[in-house]
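# Quick one, structure for this:
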Amino acid sequence: MARGPDPAPRGHLSSPQGVEKDESPFGSVLPAASLGPAWPSPAFRTVSRLIPKAGDGEGGGRQSGFGAASPAASLGPGVSLVFNHSHASVMGSFLGHTLTGLSFLLLGFAWAIKHPLKFLGRKSKYSLQIEKLIYWVELLEWGGMAVVCSSGALLEQCLLEGPCFRLYNETTHQWVFLNLWQHSTMHAFFAMAGVVGVLTRCKFQIPMGLDHLLFSLALFNEGLLFYTHSSRMSALDQYIHYILLIPIWTGAVCSLFEVWHRNNPILELFRTSMFITQGTWLWQIAFLLWGTSSWDHNDPETYIFMALCYSWHYGSAVLFLAFTYGIVYWVLWILKGNCGGEAMEIQKFNQADAKTYTALLNGSDEE
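Reported below is the predicted structural model:
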């Protein structure tokens with residue numbers, strides 16, 4: 001009896017023979033439009049983010065332009081995609097993108113309240129209390145950044161069979177998990193900025209503005225590493241990460257200006273809007289690549305919608321800042337109004353009492 005073709009091995013995704021493949025600028029293979037609008041499926045998007053172990057020989061992966069192992073060589077006549085499920089990046093997943101986005105959002109929300117409060121509270125009767133509160137909030141911000149980012153750098157190196165501070169494999173002559181090294185480097189730069197921020201607020205002899213300078217350099221470095229990020233499985237994946245460079249590098253330039261223009265409310269609010277947008281866009285990336293809905297990665301209108309979607313993200317961030325600014329202004333006005341109203345009533349009462357007392361002394365029935 002004739003034997004049929006062997007089924008695809010476990011952990012593989014097979015496509016019909018003769019499927020065309022397009023090479024991306026980063027060496028990853030892009031599926032052709034003949035795969036249909038449902039490509040890539042949610043299952044493919046999930047496993048495609050996992051990083052093959054460098055040098056283990058599984059799947060016949062070839063080396064990409066930036067050194068990360070790519071499954072392109074396994075796309076032979078049967079067009080099978082091979083992935084090693086045991087080696088994944090923490091940030092290169094749905095959970096990683098959402099947690100990182102949540103960190104940027106929390107920091108942006110804190111700034112959305114702190115900066116208007118610092119600006120509007122300067123002439124308030126509570127200015128001393130507000131200044132003391134902001135000091136402790138900033139100390140918590142920079143200290144939390146140092147702790148969280150240091151932990152993130154160590155987790156990327158040591159968990160999930162990471163590189164463990166090994167950059168190059170002398171046996172296989174291949175780089176070891178450059179994706180994880182990129183993530184660790186991002187965290188390390190933000191951790192250094194956090195340490196300097198804490199030391200600056202602890203009255204150490206540190207030049208004024210050095211905290212914002214290191215923070216700006218950390219953002220520039222983040223943008224550079226995102227620009228050269230490897231293992232992108234589709235052009236749409238690259239495109240949405242390139243859009244992410246807009247809030248990253250814009251925030252870096254804004255932080256650099258704050259080295260010389262410290263406590264400028266315009267720069268502070270603009271930087272806050274960039275951080276909120278970066279956080280929401282990371283969530284957008286997570287749901288686009290690992291969500292339940294399917295996106296056509298070969299439809300040009302998808303790219304147009306992504307640019308439009310980013311505009312909505314930033315517009316929403318600006319509206320949120322306007323809302324929080326109005327809330328802070330209203331709260332301070334209410335507190336100042338109540339105090340001012342009570343003082344006005346006391347002043348009127350004293351004037352009326354003095355007038356009555358004068359009339360009684362003059363023997364007049366005026367009152």
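# so where is the protein shaky, pLDDT-wise?
1-92, 160, 230-233, 337-367 (pLDDT under 70).
# so which helix or strand takes in the closest residue to residue 253 other than its chain neighbours?
Nearest residue to residue 253, sequence neighbours excluded (C-beta to C-beta, 6 or more residues apart in numbering): residue 216, at 7.6 Å. Heads up, the C-betas are built off the backbone N, CA and C, glycines and all. Per DSSP states H and E: residue 216 is located in helix 210-227.
# which outside residues touch that helix?
142, 182, 185-186, 189-190, 192-193, 196-197, 200, 241-242, 244-245, 248-249, 251-253, 255-256, 258-259, 262 (C-beta atoms under 8 Å, 6 or more residues apart in numbering).
# Give the buried residues for the very next helix or strand once past it.
Downstream of helix 210-227, the first helix or strand assigned by DSSP H and E is helix 235-257. Neighbour-count burial for helix 235-257, counted by 16 or more other C-beta atoms under 10 Å, picks out 235-241, 243-257.
# and the helix or strand just after helix 235-257 with helix 210-227, angle?
The first helix or strand that comes after helix 235-257 along the chain, using DSSP H and E, is helix 265-290. Orientation of helix 265-290 against helix 210-227 (axes from the mean of the first three to the mean of the last three C-alpha atoms, to 10 degrees) gives an angle of 30 degrees.
# What are the buried residues along helix 265-290?
Applying 16+ other C-beta under 10 Å to helix 265-290 flags 267-286, 288-290 as buried.
# which secondary structure elements does that helix contact?
helix 42-48, helix 94-120, helix 235-257, helix 300-361 (3 or more C-beta pairs under 8 Å, 6 or more residues apart in numbering; DSSP states H and E).
# 6 Å instead?
When contacts are defined as 3 or more C-beta pairs under 6 Å, 6 or more residues apart in numbering; DSSP states H and E, helix 265-290 packs onto helix 94-120, helix 235-257, helix 300-361.
# Kindly reformat those helices as CSV containing distance to residue 177.
CSV is the format used below for those (distance: least, C-beta to C-beta, whole Å):
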stretch, distance to residue 177
helix 94-120, 14
helix 235-257, 19
helix 300-361, 29
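# of all these, which lies closest to residue 146?
Evaluated with C-beta to C-beta, the helices and strands packed on helix 265-290 place helix 94-120 nearest to residue 146, the distance being 13.1 Å.
# and the angle from the helix holding residue 216 to helix 235-257?
160 degrees.
# Now do the buried residues in helix 210-227.
211-226.
# quick one: residue 307 from residue 257, how far?
26 Å (C-beta to C-beta, to the nearest Å).
# same question, residue 187
For residue 187 relative to residue 257 (C-beta to C-beta), the value is 25 Å.
# Over to residue 186?
From residue 186 to residue 257 the distance is 22 Å (C-beta to C-beta).
# How about residue 182?
27 Å.
# How about residue 198?
22 Å.
# What of residue 106?
From residue 106 to residue 257 the distance is 24 Å (C-beta to C-beta).
# What of residue 242?
From residue 242 to residue 257 the distance is 24 Å (C-beta to C-beta).
# Repeat that for residue 199.
From residue 199 to residue 257 the distance is 22 Å (C-beta to C-beta).
# and what of residue 168?
39 Å.
# got the buried residues for stretch 165-181?
174, 175, 176, 177, 178, 179, 180, 181.
# my bad, stretch 133-153
Per 16+ other C-beta under 10 Å, stretch 133-153 contains these buried residues: 138, 141, 142, 143, 144, 145, 146, 149, 150, 152, 153.
# so which helix or strand takes in the residue lying closest to the third one once chain neighbours are set aside?
Counting by C-beta to C-beta, 6+ apart, residue 142 lies nearest to residue 197, which is 3.0 Å off, once chain neighbours are set aside. Under the criterion DSSP H and E, the helix or strand holding residue 197 is helix 178-201.
# End to end on stretch 161-172, go ahead and measure it.
17 Å (C-alpha to C-alpha, to the nearest Å).
# before we move on, what about stretch 162-172?
Between the opening and closing residues of stretch 162-172 lies a distance of 17 Å (C-alpha to C-alpha).
# can you list contacts of it?
The contact list for stretch 162-172, computed with C-beta atoms under 6 Å, 6 or more residues apart in numbering, reads 55, 157, 175, 176, 177, 180.
# hmm, try it at 8 Å
By C-beta under 8 Å, 6+ apart, stretch 162-172 touches 54, 55, 156, 157, 158, 174, 175, 176, 177, 180, 181.
# pull the CA atoms of stretch 308-315 into PDB?
Output of stretch 308-315 as PDB, limited to C-alpha atoms (Å, rounded to 0.1, in the frame of the first residue of the first chain):
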ATOM      1  CA  LEU A 308      -3.900  56.800  12.000                       C
ATOM      2  CA  CYS A 309      -4.200  54.800  15.200                       C
ATOM      3  CA  TYR A 310      -1.000  56.300  16.500                       C
ATOM      4  CA  SER A 311      -2.500  59.800  16.000                       C
ATOM      5  CA  TRP A 312      -5.500  58.700  18.000                       C
ATOM      6  CA  HIS A 313      -3.200  57.400  20.800                       C
ATOM      7  CA  TYR A 314      -1.300  60.700  21.000                       C
ATOM      8  CA  GLY A 315      -4.500  62.800  20.800                       C
END
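# which residues make contact with that stretch from outside it?
Against stretch 308-315 from outside (C-beta under 8 Å, 6+ apart): 243, 246, 247, 273, 277, 280, 281, 284.
# same deal with stretch 131-138?
Residues contacting stretch 131-138 (C-beta under 8 Å, 6+ apart): 110, 114, 117, 118, 121, 197, 201.
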